[in-house]
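Trainee: sequence and predicted structure are below.
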Amino acid sequence: MSMEAKTQPMAQSSGLSLKELLRAARLPIAIVVVLILFGLVEPRVLSLGNFRNIALQASYLAIFAMAQTMVLLTRGFDLSLGYTVSLVSVAASMAMVAMGGGDASILYGVGAAVLIAGAIGLANGVLIAGIGINPLVTTLGMANMVLAFASTISGGFPVTGLPKGLTAEFAQGSPLSIPMPIWIAALAFLLLFLTLKATRFGRSLYIIGANPRAAVAAGIRTVPVLVLAYVLCALLAALGALLLTARTGSGEPNLGGNLTLEAIAAAVVGGVRLSGGEGGVGAAVLGALFVTVLSNGMNLVQIDGYLQQICLGVIIIVSLIVNRDEARR
Amino acid sequence: MSSETATMTVANAPSHRASRLDRFLMQGGIVITFLVVAVVATALIEPRFLNRLNLLNVMRNFALLLIPSLAQMLVMTAGGFDLSVGAVVAATSVVTAAVMLVGSGYFPGMELVVILASLVIALGAGALVGLVNAGLVATFSLSPFMVTLAMMSVLMGIALYFTQGIPIYGVADSFIANVGRGQFLSLPIVLWVGLAVLAACIVMQRFTALGRHIYAVGSDQRSARLSGVSTGRTLMVAYMLAGLLAALTGFLMTSRLGSGQSTIGGTLALETIAAAVIGGVSLRGGVGRAELVALAALFLSVIANAMNLVQVDSKYQTLVLGAVLIIALAIERLLLRKRQS
């Protein structure tokens, strides 16, 4: 309903045809179609409980996709996102346990998460923007360094004995009967949406991505903007890591293994462009929702996990081809 | 201070100094320095490094990194990227072992035929993957990064689905004895294969039209097309050759491991990119030389061996690999910047 309301005035003012309208709304349509198709095979897919489940699952992925979007917009990349999640999960858990494991120690966990993610983001940003190393290789190298710490600081074992309040509030809590992670993802979305639309920093990200040279010519100080983008990306990854840690109830060194790929896939499927300057957090959220609906459906109709991996690859390629056509117009 | 006065008085000096720096960078000064330092340091810290058996081991590992690194180099010099290289190695390892297992049932006692058949089929599979990669990249002008990332997901899924992660045994014994453990002129067969591939790459890059076309397409697709180079076909060939070399790696790894394994190659994308980049291959395409990539692969094999010898936890080895990659690039960037100013 709100979707319609948003697109309608635009359609009138620029004279979009029905076909183009369908095109603009193709991802929401695809989500509905996928839901119905899986629902035909397995009616449980269309139950209210499952919708709630999908929204909950998608809220985690959406946070990571939004994180990735911050740097994708600038023609960047963050391949270290997944292992940052692992490291933050383990380190924040260790901090909480070390501070007694009471509910007050959650603050120390958050502090550790912010410090570590901030340092990783800062290092990425300085290497990429300050020294000028390719973002892909920088974050690939960073990913391996972070992985080494994530898999060793706790001896490679899960960290247990976390504060009860962490799981009770941030995973199982549901104010107004909406689960806490959905609230937090929604809040993050709102803040990022406003940041991208209404702040100098947000607009600078788009300009740098669309044309780095023009950005310099326009007087944008690209280095601090880019560094901030990578720090923001890492901090969002840390936020997601804390929420996932609350869900599992322990600090997990293997938490983020596939998240890098999934976050990039979600953003790209949503329409964030790898060549920079196009897309936004809305696209990231829609992409995350689509990927979640798909994997939720495949789980419920009991498709083998390895076949799901194949499907994910095919979906990425198909969405790249579909999104490309739009660019040509 | 003294260099400043020199530049003020002798107008020629800065360009002269820059050209020496240029030559240092162009001729692989960074990678050669890295390699020499690594070899000397390792030999001093751990004399067992120079042990004959250990050196043979280093050479085998070097060859198995060299071949996929050359694959990565081919694609990168053509302006592309191949994250699927490790997945191709895993998938073709499974294919090699599966063909041998099935083939030896149909043709008992004809091991050579079965081994050759498995090689041909594995290479064909690798070339097919390269063809699909290139087709998607060239036809739809998609990002090579995303295409090969998706391809990686697909291939890993296929390899794991058919094996469920369980190694495929039943590889021909003569295959393991003669290829994986075999020696010729007291050097491992695997090394000879690696050196042959290296020689072929050097000749291709320096003396053939294909080599020039790959550089041309990598540095500027549009001007390459305007000067009559078929960019689509060149990309196709580059990706197919990369797929072939990755498949050859899968075949050779199977002979070393004695089984087909769907779980190998996990870090190979990173390692080959590291070897290519440390060897001076540009991420923007158009620049890269096989011999320098070989030196970089040797360097990485030496430090991996050194860490094994001094018993560094394998988990910290990824730390060193990541750090080396970033440091090498940072040095290069800083030197380039110094040249520009």
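Mentor: Noted; the coordinates are in hand. Not measured: the values here are computed from a predicted model. Numbering: from 1, shown residues only, chains lettered A, B, ... in the order given.
Trainee: show me the contacts for B:Arg225.
Mentor: For B:Arg225, the contacting residues are B:Thr231, taking CB atoms under 8 Å, 6 or more residues apart in numbering or on different chains as the criterion. Backbone N, C-alpha and C define where each C-beta goes, glycine included.
Trainee: tell me how far it lies from A:Gly155.
Mentor: To A:Gly155, B:Arg225 is 56 Å away according to CB to CB, to the nearest Å.
Trainee: what about A:Met99, distance to chain B?
Mentor: Counting by CB to the nearest CB, to the nearest Å, the gap from A:Met99 to chain B is 26 Å.
Trainee: next, the distance between the ends of stretch B:257-264.
Mentor: The stretch stretch B:257-264 measures 10 Å between its terminal residues, going by CA to CA, to the nearest Å.
Trainee: now the element after the helix or strand bottoming out on mean pLDDT in chain A, going C-ward?
Mentor: Between all helices and strands in chain A, the lowest mean by mean pLDDT, DSSP states H and E belongs to helix A:2-14, at a mean of 44. Past helix A:2-14, heading to the C-terminal end, the next element that is a helix or strand (DSSP states H and E) is helix A:18-24.
Trainee: keeping just the C-alphas, turn stretch B:94-113 into CSV.
Mentor: The C-alpha coordinates for stretch B:94-113 follow below in CSV (Å, rounded to 0.1, in the frame of the first residue of the first chain):
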residue,chain,number,x,y,z
VAL,B,94,36.2,-34.4,-7.6
VAL,B,95,35.7,-34.9,-11.4
THR,B,96,39.2,-36.4,-11.8
ALA,B,97,38.7,-38.9,-9.0
ALA,B,98,35.1,-39.8,-10.0
VAL,B,99,36.1,-40.5,-13.6
MET,B,100,39.0,-42.7,-12.4
LEU,B,101,36.7,-44.6,-10.1
VAL,B,102,34.1,-45.2,-12.7
GLY,B,103,36.6,-45.7,-15.5
SER,B,104,38.7,-48.3,-13.8
GLY,B,105,35.5,-50.3,-13.4
TYR,B,106,34.8,-50.3,-17.2
PHE,B,107,38.5,-50.6,-18.3
PRO,B,108,40.2,-52.7,-15.7
GLY,B,109,44.0,-52.8,-16.1
MET,B,110,44.1,-49.9,-18.5
GLU,B,111,45.2,-47.3,-15.9
LEU,B,112,47.0,-45.0,-18.4
VAL,B,113,43.8,-44.7,-20.5
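Trainee: mind checking if stretch B:31-45 is in reach of chain A?
Mentor: No - against chain A, stretch B:31-45 shows no contacts by CB under 8 Å from any CB of the partner chain, the least distance being 14.9 Å.
Trainee: and that stretch, which residues are buried?
Mentor: Neighbour-count burial for stretch B:31-45 flags B:Val31, B:Phe34, B:Leu35, B:Ala38, B:Val39, B:Thr42 (criterion: 16 or more other CB atoms under 10 Å in any protein chain shown).
Trainee: please apply the same query to stretch B:91-110.
Mentor: Taking 16+ other CB under 10 Å as the neighbour-count basis, stretch B:91-110 is seen to contain the buried residues B:91-101, B:103-104.
Trainee: just stretch B:191-200 next, same as before
Mentor: Going by neighbour count (16+ other CB under 10 Å), the buried part of stretch B:191-200 is B:Leu191, B:Trp192, B:Val193, B:Gly194, B:Leu195, B:Val197, B:Leu198.
Trainee: identify all contacting residues around it.
Mentor: B:59-60, B:62-64, B:66-67, B:70, B:184, B:245, B:248, B:252, B:290-291, B:294.
Trainee: try it again with 6 Å
Mentor: For stretch B:191-200, the surrounding residues in contact (CB atoms under 6 Å, 6 or more residues apart in numbering or on different chains) are B:Met59, B:Ala63, B:Leu66, B:Ile67, B:Phe184, B:Ala290, B:Ala294.
Trainee: grab the nearest non-local neighbour of A:Ser105.
Mentor: A:Met99 (3.7 Å; CB to CB, 6 or more residues apart in numbering or on different chains).
Trainee: that neighbour and A:Gly109, how far apart?
Mentor: Plainly put, A:Met99 is 8 Å away from A:Gly109 if you go by CB to CB.
Trainee: which one of the two is surrounded by more residues?
Mentor: Taking A:Met99 and A:Gly109 together and counting by other CB atoms under 10 Å in any protein chain shown, A:Gly109 has the greater number of neighbours (28 against 17).
Trainee: for that one, which three-state class applies?
Mentor: Under DSSP: H, G, I helix; E, B strand; the rest coil, the three-state class of A:Gly109 is helix.
Trainee: quick one: neighbours of the residue in the stretch 1-150 of chain B positioned nearest to chain A, just the number.
Mentor: Of the stretch 1-150 of chain B, the residue with the smallest distance to chain A, taken as CB to the nearest CB, is B:Ala150 at 4.0 Å. For B:Ala150, the count of nearby residues is 28 (other CB under 10 Å).
Trainee: helix or strand for it, which one?
Mentor: B:Ala150 belongs to helix B:144-163, assigned by DSSP H and E.
Trainee: what does that helix contact?
Mentor: Applying CB under 6 Å, 6+ apart, the set of residues contacting helix B:144-163 from outside is A:306-307, A:309-310, A:312-313, A:316-317, A:320, B:80-84, B:87, B:90-91, B:94, B:133, B:136-137, B:262.
Trainee: returning to what we had before: and of the buried residues of stretch B:31-45, the nearest to A:Ala188?
Mentor: Closest approach between the buried residues of stretch B:31-45 and A:Ala188, by CB to CB: B:Phe34, at 42.5 Å.
Trainee: what residues are up against that closest one?
Mentor: With contacts taken as CB under 6 Å, 6+ apart, B:Phe34 has the following neighbours: B:Phe299.
Trainee: distance of A:Val291 relative to chain B?
Mentor: Relative to chain B, A:Val291 is positioned 12 Å away (CB to the nearest CB).
Trainee: my guess is that residue contacts A:Ala267, does it?
Mentor: No - using CB atoms under 6 Å, A:Val291 and A:Ala267 do not qualify as a contacting pair, with a distance of 9.9 Å.
Trainee: which one of these two has more residues nearby?
Mentor: Each of A:Val291 and A:Ala267 had its neighbours counted (other CB under 10 Å), and the higher figure belongs to A:Ala267 (33 against 27).
Trainee: which secondary structure element is home to the more buried one?
Mentor: helix A:259-270.
Trainee: pull out the buried residues from the helix or strand following that helix.
Mentor: Using DSSP H and E, the helix or strand that directly follows helix A:259-270 along the chain is helix A:281-300. Counting neighbours by 16+ other CB under 10 Å, one finds that the buried residues in helix A:281-300 are A:281-298, A:300.
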